[in-house]
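Engineer: Please find the sequence and the predicted model below.
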Amino acid sequence: MAATIEGQDKVLATAQRIVQSLGNTSDADDMLLILSAFDNRLSTLSSFVSSDENSSSGASVAPSSAVDPRLEAAERIILNEADLSSFTEYLNVVDEIIHLAEELNLNAVDASDDVRDRAENTLQLAMTRLEDEFRHGLIRNTVPLDPDRLHRSSLSSSAAAIAIAATEFLNDEETSESLEDVSSARYSHHSHGRGVSFGGDEMSLELIHPDAVIELREIAERMIRSGYEKECCQVYCSVRRDVIDECMVILGVEKLSIEEVQRIEWRSLDDKMKKWIQAVKVVVRGLLSSEKHLCEQIFSGSDLIREVCFLETSKGCVMQLLNFGEAVAIGKRSAEKLFRILDMYDALAQVLPDLQDLFMDEDAGDMVCSEAKGVLDGLGEAAIGTFVEFENAVQGESSRKPIQNGEIHPLARYVMNYAKLLVDYSDTLNLLLENVEVVSDKPERENTDNPEEETMSRIARRLLALITSLESNIEEKSRMYEDAAMQYIFLMNNILYIVKKVKDSELRNLLGDNWIKKRRGLIRQYATQYLRASWSKVLSCLKDEGIGGSSGNASKVALKERFKNFNACFEDIYRIQTAWKVPDPQLREELRISISEKVIPAYRSFMGRFGSQLESGRHAGRYIKYTPDDLENYLLDLFEGSPLILHHMRRKST
């Protein structure tokens, strides 16, 4: 009877331990594991009670195998955590039960099934508790991610303002000017000639508190030794994936499908592309590099498990980045996207070797690297395709709206600032252009203009062809002006603008000083043609022919007509050309000087020969309105873009 009571007490004690264990967890899977761990033991205890009852009624009892006292001691501690004084002591007990289980499996003849079951159940419960501790240890010892630190660790490019839609540039002068400002800022910031430079630095992130890594490694070693490597990996990957996902959120990288990316309007997409560029470096050289180091520390005893855990933990965020890159690469092409695409290409190209080092030991890792290389190639193709479409757009741009005051055309502003930004990507574009045939609409002109073209780099030849197309387009647009003089003002303004953009940037090194010299000569030709078209009629009024007689007895009627015609012509030019704009102060001054050198001496000479014949007569002021000094002062008002009128103004006193 006493034996029966003892057996019942054991059942009750075991039940109490089950309740206690279940009370420490809310996870359904953990509950099932706890119950399964006690399953065979309950069966054994039940048999024990039954045998005691049979014994008390006179039935014979089969002898049971002796239980190793080490097993009972380990079982007592594993089942009653209250006996545990430290984590190290608990691990020692786990080591003991692992060793006993291994012994029992090796010496199966000397051990009963019941003993082996008890050992396995105890080991299973120990592993369940280690699994919980592994999960909680990973979570509570994760170093909080500092958003500021993550953002400071990445570099952004300054091509953001290129995001203005290309379809707006012809009608928006402010857009062109903002691009001009961005171009200057970007040029000074990236004088090394690249769009984005990450260098060879590796940003080390502390992911887990160092003291906790040792305990986590101790747990992982015991779970793997006991055959629970699958559970160990699942816990690790689940926790660390959540941490990496949080990092991606902090970096502003969203989980978007390819279709969703392609539906995003440009301004929002530009912001996402910029964040992607920043995130690539942080994720690959910072987060994943540190993650792999953490895997190496925790799973130091198994190369296979280390690689599997790193791959399963990290490939999701890499594929998220690559999916966005692919969506951009296959998306609709437009001029404003080019610089962001080039930045993305540069960023991915620079971290690709790091990716290959991180994922070098697994077939699945090879797949990740292959995907990355495919996205890189796609971005390169998108960049060149966008560039070619931009070239074609410049060649085919056919807006028929003349600039009212003959100033710089928005097309010239846009294209030249675009070209200046492209120089920052010379290395990348030269690489991408290796397999692209250079096509020029003006091969003969370019060969004549620039015999050094054969020695130019690929991007230099493409930019030369682009600017040549721009010049041809500007020349075509000049014909929209009915006034021939204004045609030459428009041409001078725009060609000088192009020359200055080349001269004041790296474009000068690509195109050469000879190119600049020839364009300056062209501007001088336009200036000469302007003077002839605009002032020939004025100067013809100051010639002696047709007046009749010498300076002493010239016809007063003819003289009056000449002065009257001169005044009318000058006033008309003044009215029209004060409204014209020459933005460059040096060109504006040179034009005024050229006009003055032709008109003022001729007027002074004419006045000297014939002015006295009218000044003594009545109403002389109607005909001799201006002195030479008056005219010279009035010439200072030309090309300011503010229309003025001289009509009905009286002659100024001297």
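Structural biologist: Yep, it's here.
Engineer: Can you tell me the closest non-neighbouring residue to Lys332?
Structural biologist: Using CB to CB, 6 or more residues apart in numbering and skipping the chain neighbours, the partner closest in space to Lys332 is Gln262 (7.2 Å). Where you see a C-beta, it was placed from the backbone N, CA and C, and this is true even at glycine.
Engineer: Now for that neighbour, how many residues are close by?
Structural biologist: Residues lying near Gln262 (other CB atoms under 10 Å) number 14.
Engineer: so which strand or helix has it?
Structural biologist: helix 258-263 (DSSP states H and E).
Engineer: which residues touch that helix?
Structural biologist: Leu269, Lys272, Asn323, Phe324, Glu326, Ala327, Val328, Ile330, Gly331, Lys332 (CB atoms under 8 Å, 6 or more residues apart in numbering).
Engineer: Could you do stretch 594-601 as well?
Structural biologist: Outside stretch 594-601, the residues that reach it (CB under 8 Å, 6+ apart) are Ala527, Leu531, Trp535, Val538, Leu539, Pro628, Leu631, Glu632, Leu635, Leu638.
Engineer: where's the fourth one relative to Lys564, distance?
Structural biologist: Taken as CB to CB, to the nearest Å, the spacing of Val538 relative to Lys564 amounts to 13 Å.
Engineer: In terms of neighbours, single out the busier of these two.
Structural biologist: Neighbours around Val538 and Lys564, counted as other CB under 10 Å, are more numerous at Val538. The numbers are 21 against 14.
Engineer: Please, which helix or strand holds the closest residue to Pro628 other than its chain neighbours?
Structural biologist: Leaving aside its chain neighbours, Pro628 sits nearest to Arg604 (4.4 Å; criterion: CB to CB, 6+ apart). Secondary structure assignment for Arg604, by DSSP H and E: helix 585-615.
Engineer: can you check Ala73 too?
Structural biologist: Per DSSP H and E: helix 69-79 holds Ala73.
Engineer: Give me the buried subset of the contacts of helix 258-263.
Structural biologist: Leu269, Lys272, Asn323, Phe324, Glu326, Ala327, Val328, Gly331 (16 or more other CB atoms under 10 Å).
Engineer: Which secondary structure element of this protein has the lowest mean pLDDT?
Structural biologist: Every helix and strand of the chain was ranked by mean pLDDT, DSSP states H and E. The lowest is helix 173-189, at a mean of 40.
Engineer: helices and strands around the one helix or strand Thr128 maps to, which ones?
Structural biologist: Using DSSP H and E, Thr128 maps to helix 113-140. Here helix 113-140 touches helix 28-56, helix 69-79, helix 87-106, helix 210-225, helix 229-250, going by 3 or more CB pairs under 8 Å, 6 or more residues apart in numbering; DSSP states H and E.
Engineer: What mean pLDDT does the first one get?
Structural biologist: When pLDDT is averaged over helix 28-56, the result is 44.
Engineer: swap in stretch 214-223?
Structural biologist: The predicted model gives stretch 214-223 an average pLDDT of 94.
Engineer: Quick check: buried residues in that stretch?
Structural biologist: Glu215, Leu216, Glu218, Ile219, Ala220, Glu221, Arg222, Met223.
Engineer: if I look at the fifth one, how far off is Leu288?
Structural biologist: The span separating Ala220 from Leu288 equals 20 Å under the rule CB to CB.
Engineer: what does the third one give?
Structural biologist: According to CB to CB, Glu218 and Leu288 sit 25 Å apart.
Engineer: likewise the last one?
Structural biologist: Taking CB to CB as the criterion, Met223 is separated from Leu288 by 24 Å.
Engineer: List the buried residues of the longest helix anywhere in the chain.
Structural biologist: Criterion DSSP state H: the longest helix present in the chain is helix 363-396. By 16+ other CB under 10 Å, the buried positions in helix 363-396 come out as 365, 368-369, 371-372, 375-376, 378-384, 386-387, 390-391, 394-395.
Engineer: Which neighbouring elements make contact with it?
Structural biologist: Packed on helix 363-396, when contacts are counted by 3+ CB pairs under 8 Å, 6+ apart, are helix 303-329, helix 338-358, helix 410-423, helix 426-432, helix 458-478.
Engineer: Done for today, thanks.
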